[in-house]
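Chemist: I'll drop the sequence and a predicted model, then ask my questions.
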Amino acid sequence: MFLKSRLSWNVIIPAENLDVEGLTLQKEIVIRLLKEFASKKASKNLGYFLAVTALEKIGEGKVREQMAGDVLFHVEFSCITFKMFRGEILEAVVHKILKHGVFLKCGPVDNIYLSNKMMSDYEYVHGENPIFMNEKMSRIEKGTVMRCIVIGTEYKEEGKELLALVSLEGDHLGPISS
């Protein structure tokens, strides 16, 4: 699910990048904000950071004496994030097939796991290009777009990534194309 959030961060501008012209300073603040936004990648509460949509407010600069005259600006901005929730229906693409399940991608998330136990009417078919297939000849293979339901999520701080466990147990779930 896409979320619109309003955040407050501190942006530090090195002393050598300061310029008395207001537009140059504002440009430097925006560039630093965007670099920090991209480097943070994700958070537990908000999910993946996708885009800054509006710069709401730039506070007064505060000189940081202990940091060689760098200036700290308090910045408020709006952004779009992506986070999955339990019970949410996702459309995801299969990118890896294993004997015990498949990994899917949805938006910035590429660690969505569908266990073979959560797709009870499908059987694993090994080979050079392994697939899962059911009695109706419906196939789950690399590149298949699936509709699935989220049954659990977890945030991994060390990689700043979200993981999800999904299922096909429910109405109107399963492959929708390949």
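Modeler: Everything's here; your move.
Chemist: domain map for the chain?
Modeler: Per the TED database, the domain ranges recorded for the chain read 2-82, 88-175.
Chemist: let's have those in TSV, adding mean neighbour count and mean pLDDT.
Modeler: (C-beta placed from N, C-alpha, C; glycine too.) Shown next, in TSV, are the domains of the chain (neighbours: other CB atoms under 10 Å; pLDDT from 0 to 100):
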stretch	mean neighbour count	mean pLDDT
domain 2-82	14	85
domain 88-175	16	94
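Chemist: which SS state does the residue nearest to the spatial centre of the chain fall under?
Modeler: Centroid-nearest residue in the chain, with CA atoms, centre = their mean: Tyr48, separated by 3.2 Å. Of the three states, Tyr48 takes strand under DSSP: H, G, I helix; E, B strand; the rest coil.
Chemist: pretty sure it sits against Phe82.
Modeler: Yes: in this structure, Tyr48 is within contact of Phe82 by CB atoms under 8 Å, at 4.6 Å.
Chemist: follow-up on the earlier one: ok, the residue nearest to the centre of the chain to Ile29 distance?
Modeler: For Tyr48, the distance to Ile29 equals 23 Å [CB to CB, to the nearest Å].
Chemist: before we move on, the earlier item: which residues pair with the residue nearest to the centre of the chain across the strands?
Modeler: Beta bridges link Tyr48 to Ala42, Phe82, judged by DSSP bridges.
Chemist: how about Glu76?
Modeler: Going by DSSP bridges, Glu76 forms beta bridges with Ser8, Lys57.
Chemist: in which helix or strand would I find Ile29?
Modeler: Per DSSP states H and E, Ile29 falls inside helix 22-40.
Chemist: by contact count, what packs against that helix?
Modeler: When contacts are defined as 3 or more CB pairs under 8 Å, 6 or more residues apart in numbering; DSSP states H and E, helix 22-40 packs onto strand 2-13, strand 47-58, strand 70-82.
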